[in-house]
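A.B. asks: Quick one: sequence plus predicted model below, questions after.
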Amino acid sequence: MSLTLILFLFLSFAAVFCGLMTVFSRNPIHSVLYLIGCFFAIAGHYLLLNAQFLAVVHIIVYAGAIMVLFLFTIMLMNLNEETEQHKPALARMGAVISAGLLMFVLLAIFKKVDDMAVPGFQNSTLGTIENLGKVLMNEYLFPFEFASVLLLTAMIGAVLLAKKDSPKTVNQ
Amino acid sequence: MDILFILEKSVIILVVFAITMLIALYSTFGERVFAAYFQDRLGPNRAGPLGLLQPLADGVKMFTKEDFIPDTPNKFLFIFGPFMFMTTALISSSVIPWGDKLVIMGRTIQLQAADINVAILFVFGVVSIGVYGIMIGGWASNNKFSLLGAVRASSQMISYEVAMGLSIIAVLMVSETLSLRGIVEKQHGFIDWTAIKIGNTYLPWFSWYVFKQPLAFLIFLICAFAETNRTPFDLPECESELVGGYHTEYSSMKLGFYLFAEYINMFISSALIALLFFGGFNYPGMDWVSNNIGVNAATLLGVGAMFAKTLFGIFFYMWVRWTVARFRYDQLMNLGWKILIPLAIVNIVVTGAVVLFTTN
């Protein structure tokens, strides 16, 4: 077994284990911590694919920013297993059905795809920041700018929602 | 893989680890000596000659104190918090270039554990997960003051990471690389004879980025203080409001880990400031030394220059701590979001315009 294969198997096991524990943990804080572990395993997969930039950005954005906010919210709301509400039976049934449908779709996809090898796995310079920058700024400039406008809009929307109403508008 | 390569990297990693620990150990001593000096006291002078064994005495005290674990539903996380904080503090030293290359028996050795091409982003990634140590520890303490300290620490660190990242973008636009070694090599020597191009004439300017990007330096410096939770931004452990902040419930060596990791963070961030803005291992006249005395001598002097700059950075942290009073929390947030981030964006726009007009 090559070193890459051993790493791949280890990371895959870690990712799947953490993913399952995220769902099965009773304590929401433990769920969040397992999800962070899962993100690290996925970042390891990116490294195996020679996408260092993507791996590091994945850690910064997901593990470093988004999950901190998750942890923040859960800590402030002080969710514990005792306070966890029991969902109505209808919602549980709905969740089971939708998860089953998702699994069905995923199985169908994996059955159709014959070649699971990722293109570019052999090309060691594909995921470097130089190539990524050139591709984003030349070939995909329009989608790139479009995405940035979308993010800006979302940010302005969030600021507007979070802003307190001034006393004048409340009185009117 | 070459066995010599593995050996060489292992030695570098061990040496870097040992030096980091030693400097952090003596930073705790230095802090008390400087505090005494600024407050016109004598400071620690009992243990050993000039009090130099004080850090060892502190260490023995920390280890032998009773290790108390409060009644918390999460004992594992309570122990995991300081461990995580210490680990993340140590990881980022792996990408820092401490010196140029040494040539020993025809073999070129880079004085750096790992030269990866996204080193800056790696450091940011490690800094951004560093907050988990505080959050987990503060939450698992099962104490409202600890939780408040942890929440303050994390919101402060997230807010200042944004301004820090934006201030670095202007530096990256000038250096055109994300590798820390590449950034240091771009600041070669002290004076860059072809820095400013007007028509066909070149004007000299200092090559270090503190002279090329003074605003970015100022923003980065302020953010570094906030990221390491040092005064004037040490609100997470603000003793007048929060007892002891996120480490209120900690005792013995777990508390020691939290306090010690703060000094490691100071050391690493001072090293980063030296690398990004003060030329790292560059010093005036390095080419002359390299040509006339030898490459190894020039490199060793460079390592000395790097550590001198880093140690001055640590001294600056202490200087500020015993000079400036603590901010209020809303002042901290206003400074971060309403002043530093817009300033950093203006700096990026100005730098972009200058780069565009001077390279064509």
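C.D. replies: Great, that's in hand. From a predicted model like this one, the values you see are computed outputs, not experimental measurements.
A.B. asks: got a list of what the residue of chain B found nearest chain A touches?
C.D. replies: Chain A sits closest to B:S128 of chain B, with a gap of 2.6 Å, by Cβ to the nearest Cβ. The C-beta positions use only the backbone N, C-alpha and C, and glycine is treated the same way. Contacts for B:S128 (Cβ atoms under 8 Å, 6 or more residues apart in numbering or on different chains) come out as A:I59, A:I60, A:A63, A:G64, A:A65, A:V68, B:M157, B:I158, B:E161.
A.B. asks: can you do 6 Å?
C.D. replies: Residues in contact with B:S128 (Cβ atoms under 6 Å, 6 or more residues apart in numbering or on different chains) are A:I60, A:G64.
A.B. asks: would you say B:P204 is within a strand?
C.D. replies: Yes. B:P204 sits within a strand when classified using DSSP: H, G, I helix; E, B strand; the rest coil.
A.B. asks: What residues does chain A have near chain B?
C.D. replies: Proximity of chain A to chain B (Cβ under 6 Å from any Cβ of the partner chain) is limited to residues A:Q52, A:F53, A:V56, A:I59, A:I60, A:A63, A:G64, A:V68, A:L71, A:M75, A:I129.
A.B. asks: Count the neighbours of the last one for me.
C.D. replies: By that I understand A:I129. 19 (other Cβ atoms under 10 Å in any protein chain shown).
A.B. asks: what mean pLDDT would you report for the helix or strand hosting A:A99?
C.D. replies: With secondary structure defined by DSSP states H and E, A:A99 is part of helix A:89-112. Helix A:89-112 shows a mean pLDDT of 88.
A.B. asks: Give the buried residues for that helix.
C.D. replies: Residues of helix A:89-112 include none that count as buried (16 or more other Cβ atoms under 10 Å in any protein chain shown).
A.B. asks: C-terminal to that helix, what's the next element?
C.D. replies: Next along from helix A:89-112, by DSSP H and E: helix A:129-138.
A.B. asks: What angle do helix A:129-138 and the next helix or strand after that following helix make with each other?
C.D. replies: Next helix or strand after helix A:129-138 toward the C-terminus (DSSP H and E): helix A:141-162. If you take axes from the mean of the first three to the mean of the last three Cα atoms, to 10 degrees, helix A:141-162 sits at 90 degrees to helix A:129-138.
A.B. asks: can you list contacts of helix A:141-162?
C.D. replies: A:L136.
A.B. asks: now that helix: how far from the chain's centre is it?
C.D. replies: Remark: helix A:141-162 is offset 19 Å from the chain centroid, using Cα atoms, centre = their mean, to the nearest Å.
A.B. asks: just stretch B:208-223 next, same as before
C.D. replies: Distance, centroid of stretch B:208-223 to centroid of chain: 14 Å (Cα atoms, centre = their mean).
A.B. asks: Tell me which residue lies nearest the centroid of chain A.
C.D. replies: A:Y62 (6.4 Å; Cα atoms, centre = their mean).
A.B. asks: Give me the distance between it and B:R152.
C.D. replies: 23 Å (Cβ to Cβ, to the nearest Å).
A.B. asks: so how many other residues sit close to B:I91?
C.D. replies: By other Cβ under 10 Å, the residues close to B:I91 number 17.
A.B. asks: swap in A:L141?
C.D. replies: 11.
A.B. asks: And it, how far from A:K134?
C.D. replies: Taken as Cβ to Cβ, the span from A:L141 to A:K134 is 11 Å.
A.B. asks: B:P232 now?
C.D. replies: B:P232 is 43 Å from A:K134, by Cβ to Cβ.
A.B. asks: out of the two, which sits in the busier spot?
C.D. replies: B:P232 (18 against 11).
A.B. asks: Make sure that one is indeed in a strand.
C.D. replies: No. B:P232 is assigned coil when assessed by three-state DSSP, not a strand.
A.B. asks: which residues does A:I59 contact?
C.D. replies: If you count contacts by Cβ under 6 Å, 6+ apart, then A:I59 has A:A43, B:G125 around it.
A.B. asks: Look at it and report its pLDDT.
C.D. replies: For A:I59, the model assigns a pLDDT of 88.
A.B. asks: Poorly predicted segments of the chain, please.
C.D. replies: All of this is about chain A. Low-confidence regions of chain A, defined by pLDDT under 70, span residues A:1, A:78-86, A:114-127, A:165-172.
A.B. asks: Let me rephrase: I mean chain B.
C.D. replies: Looking along chain B with the criterion set at pLDDT under 70, you get B:1, B:195, B:198-199, B:359-360.
A.B. asks: I'd like to know which elements the strand ranked longest in it is packed against.
C.D. replies: In chain B, ranked by residue count with DSSP state E as the criterion, the top strand is strand B:191-198. Based on contacts counted as 3 or more Cβ pairs under 6 Å, 6 or more residues apart in numbering or on different chains; DSSP states H and E, the elements that strand B:191-198 packs against are strand B:201-206.
A.B. asks: what's next to the helix or strand that the strand it packs on is followed by, contact-wise?
C.D. replies: As assigned by DSSP H and E, the chain's next helix or strand after strand B:201-206 is helix B:209-212. Residues outside helix B:209-212 that contact it (Cβ under 6 Å, 6+ apart) are B:V171, B:V174, B:F217, B:F277, B:F278.
A.B. asks: For stretch B:72-87, give me every contacting residue.
C.D. replies: B:Y132, B:G133, B:I136, B:G137, B:A140, B:N142, B:K254, B:F257, B:Y258, B:A261.
A.B. asks: Now B:S270: which helix or strand?
C.D. replies: Secondary structure assigned from DSSP H and E places B:S270 in helix B:252-277.
A.B. asks: helices and strands around whatever helix or strand comes next after that helix, which ones?
C.D. replies: Beyond helix B:252-277 on the C-terminal side, the first helix or strand identified by DSSP H and E is helix B:286-292. On a contact count with 3+ Cβ pairs under 6 Å, 6+ apart, helix B:286-292 meets helix B:295-321.
A.B. asks: Could you tell me the angle between the direction of the helix it packs on and that of helix B:252-277?
C.D. replies: Going by the same axes, to 10 degrees, helix B:295-321 makes 120 degrees with helix B:252-277.
A.B. asks: Same question for helix B:295-321: list its buried residues.
C.D. replies: Under 16+ other Cβ under 10 Å, the buried positions of helix B:295-321 are B:298-302, B:305-307, B:309-311, B:313-314, B:317-318, B:321.
A.B. asks: all strands of the stretch 51-200 of chain B, in order?
C.D. replies: Per DSSP state E, counting those that start in this stretch, the stretch 51-200 of chain B carries strands over the ranges B:101-104, B:107-110, B:191-198.
A.B. asks: okay, those strands in a markdown table with mean neighbour count next?
C.D. replies: Formatted as a markdown table, the strands of the stretch 51-200 of chain B follow (neighbours: other Cβ atoms under 10 Å in any protein chain shown):
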| stretch | mean neighbour count |
| --- | --- |
| strand B:101-104 | 14 |
| strand B:107-110 | 14 |
| strand B:191-198 | 13 |
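A.B. asks: All set, thanks.
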